[in-house]
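Engineer: Output the structure for:
(one chain, ligands or ions: 2)
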Amino acid sequence: MTIEKIGVIGAGQMGNGIAHVMALAGYEVLLTDINQQALDQALETIRRNLARQVGRGLVPEADMEDALGRIGSTLKLTDLGATDLVIEAATERESVKQAIFEDLQPHLRPHTILTSNTSSISITRLASRTDRPERFMGFHFMNPVPVMQLVELIRGIATDEETYRACLGVVERLGKTAASAEDFPGFIVNRILMPMINEAVYTLYEGVGNVKSIDQSMKLGANHPMGPLELADFIGLDTCLAIMNVLHDGLADTKYRPCPLLTKYVEAGWLGRKTGRGFYDYRGDEPVPTR
Ligand SMILES: CC(=O)CC(=O)SCCNC(=O)CCNC(=O)[C@H](O)C(C)(C)COP(=O)(O)OP(=O)(O)OC[C@H]1O[C@@H](n2cnc3c(N)ncnc32)[C@H](O)[C@@H]1OP(=O)(O)O
Ligand SMILES: NC(=O)C1=CN([C@@H]2O[C@H](COP(=O)(O)OP(=O)(O)OC[C@H]3O[C@@H](n4cnc5c(N)ncnc54)[C@H](OP(=O)(O)O)[C@@H]3O)[C@@H](O)[C@H]2O)C=CC1
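Structural biologist: Ligands and ions are numbered 1, 2, ... in the order given. Model (predicted):
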C-alpha cells in the first residue's frame with residue numbers, strides 16, 4: 001500500500017522529531033497535541049533542528065522550507081482521519097494511549113495503519129483495544145530522532161505482513177535501519193538500556209558515587225556518549241520510571257524494581273531537561289548536578 005500522509009499524535013520531544021524526519025523524507029505530516037503551546041514549541045524546535053542541519057551542510061536550504069511546508073498542526077485529533085499511517089507519541093501511559101485510539105478509530109479510513117512509538121507497553125494489548133489489531137504495530141524511534149539511526153519495529157500477535165512491510169518501507173525511505181523486536185516489555189533497546197539507567201540511580205541512591213562521578217565513569221570508562229544520569233534527564237525521568245514499571249510488572253522479577261530515588265524525582269516534578277531540573281539543574285548557563 002502507498003503511504004503519503006502521516007499523522008503524529010503528541011508534539012513532545014519524540015513527536016517533533018518524528019514529524020521532522022517524515023517531512024524531510026517527503027511525507028505530508030499532520031501533528032496533533034492536546035496543548036497549543038506544545039504544538040507551537042514543536043514547530044519552533046523542528047525549524048531550529050532543520051536550520052542546524054542546513055548549517056552543517058547536511059540538508060539543502062530549499063529542502064528545509066519544503067519540509068516545513070509539509071507539516072500541518074491541529075488540536076483536533078479527528079483531523080487525522082484522512083491519514084494513511086498514524087504514529088502515536090503521546091505520554092507513556094497505557095490509559096492515555098488507549099483513550100487516543102478509542103477516540104480516533106471511528107474517524108479512520110479502513111486502510112489506515114495505526115502505530116505506537118511506545119517505549120515499553122505491550123503492542124498486542126494496545127492493538128486488542130482497537131478495531132484493527134492486524135493493522136497495528138510498534139514503531140519505536142530513538143531520541144534524538146533526527147540523529148539516531150535505529151527504529152525498532154514490533155509486531156503484535158495479530159499484525160499482518162502487509163502492515164509490517166509498509167512500516168519497513170517507511171523506515172527505509174527515512175534512510176534509517178529497522179530492528180525487528182518481539183512484543184515483550186521494553187522490546188530490545190529498553191530491556192537492556194533502562195535497567196542500566198535504573199542501576200545508575202541505585203548507585204547514586206546508595207552513595208557509591210555522586211551524579212558527576214557516575215556520569216564521568218560511564219563516559220570515560222565505558223565510552224558512552226552521555227552518562228546514564230544525563231541520558232535519563234534527556235529521555236525524561238517520568239518516561240524512565242514508566243518503562244521500569246512496565247518491565248517490573250510485565251516480567252514479574254524484582255531485578256527490575258524502580259529505584260525509590262527515581263520515583264522521588266518524578267514525584268517532585270523534576271523530570272529532567274523538559275522541566276528544567278532532574279539529576280542536573282538546567283536553569284543556569286551550565287547544568288549543575290543536584291546531588
Ligand atoms: C527511551 C527510549 O524509548 C529509547 C531511546 O531513545 S533511548 C535514548 C537513545 N539515545 C541515546 O542514547 C543518545 C546518546 N547520546 C548521543 O548519542 C549524543 O550525545 C547526541 C547524538 C545526542 C549528541 O551528540 P554530541 O556529539 O554530544 O552533540 P553534538 O555534536 O552537538 O551533536 C551531534 C549531532 O546530533 C545533532 N543533535 C544533537 N542534539 C539534537 C537534538 N536534540 N535534536 C536533533 N539533533 C540533535 C547535532 O545537530 C549533531 O548533528 P551532526 O553531527 O550530524 O551535525
Ligand atoms: N523520551 C524518549 O527518549 C523516548 C520516548 N519514547 C516514547 O515516545 C512517547 C512520547 O515521549 P516524549 O516525546 O518523550 O514525551 P513528552 O512528554 O515530551 O511529550 C508527550 C506529549 O504528548 C502530549 N499528550 C499527552 N496526552 C495527549 C493526548 N491525549 N493527545 C495528544 N497529545 C497528548 C503531552 O502533552 P502534555 O505535556 O500537555 O501532557 C506532550 O506534549 C512515549 O510513549 C515515550 O515512551 C520513545 C522513544 C524515546
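Engineer: distance of Glu172 from ligand 2?
Structural biologist: To ligand 2, Glu172 is 20 Å away according to Cβ to the nearest ligand atom, to the nearest Å. (Glycine included, C-beta is placed from N, CA and C.)
Engineer: ok, now Thr2?
Structural biologist: Thr2 is 26 Å from ligand 2, where distance means Cβ to the nearest ligand atom.
Engineer: which residues does the closest residue to that residue other than its chain neighbours contact?
Structural biologist: Using Cβ to Cβ, 6 or more residues apart in numbering and skipping the chain neighbours, the partner closest in space to Thr2 is Asp84 (7.2 Å). Asp84 makes contact with Met1, Thr2, Ile3, Glu4, Lys5, Ile6, Arg109, His111, Thr112, Ile113, according to Cβ atoms under 8 Å, 6 or more residues apart in numbering.
Engineer: Buried subset of those, written for PyMOL?
Structural biologist: Selection of buried members from these for PyMOL, criterion 16 or more other Cβ atoms under 10 Å:
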select buried, resi 3+5+6+112+113
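Engineer: And the residue of the stretch 151-291 of the chain closest to ligand 2?
Structural biologist: Ile235 (3.7 Å; Cβ to the nearest ligand atom).
Engineer: repeat for the chain
Structural biologist: Checked against ligand 2 (Cβ to the nearest ligand atom), the nearest residue in the chain is Gly12, 1.8 Å away.
Engineer: Quick check: that residue touching Ala38?
Structural biologist: Yes: using Cβ atoms under 8 Å, Gly12 is in contact with Ala38, at 6.7 Å.
Engineer: Just the C-alphas of stretch 88-97, formatted as CSV.
Structural biologist: Taking Å, rounded to 0.1, in the frame of the first residue of the first chain, the C-alpha atoms of stretch 88-97 are listed here in CSV:
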residue,chain,number,x,y,z
GLU,A,88,1.1,7.9,18.4
ALA,A,89,3.8,9.5,20.5
ALA,A,90,1.9,10.8,23.5
THR,A,91,2.8,10.4,27.2
GLU,A,92,4.0,6.8,28.2
ARG,A,93,0.8,5.8,30.0
GLU,A,94,-1.4,3.0,28.7
SER,A,95,-4.7,4.7,29.6
VAL,A,96,-3.7,7.8,27.7
LYS,A,97,-2.8,5.8,24.6
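Engineer: Please name the nearest non-neighbouring residue to the residue of the stretch 151-291 of the chain closest to ligand 2.
Structural biologist: Distances taken as Cβ to Cβ, 6+ apart put Asn143 closest to Ile235, at 6.2 Å, once the chain neighbours are dropped.
Engineer: Tell me if the one you found really is in a helix.
Structural biologist: No: applying DSSP: H, G, I helix; E, B strand; the rest coil, one finds Asn143 to be coil, outside a helix.
Engineer: What separation is there between it and Gly72?
Structural biologist: Here Asn143 is placed at a distance of 23 Å from Gly72 (Cβ to Cβ, to the nearest Å).
Engineer: and if you look at Glu65?
Structural biologist: To Gly72, Glu65 is 15 Å away according to Cβ to Cβ.
Engineer: of the two, who's got more company?
Structural biologist: Gly72 (16 against 13; other Cβ atoms under 10 Å).
Engineer: Check whether the helix or strand that contains the more buried one comes near ligand 2.
Structural biologist: Using DSSP states H and E, Gly72 sits within strand 71-74. No: judged by Cβ under 6 Å from any ligand atom, strand 71-74 and ligand 2 are separated, with a smallest distance of 10.7 Å.
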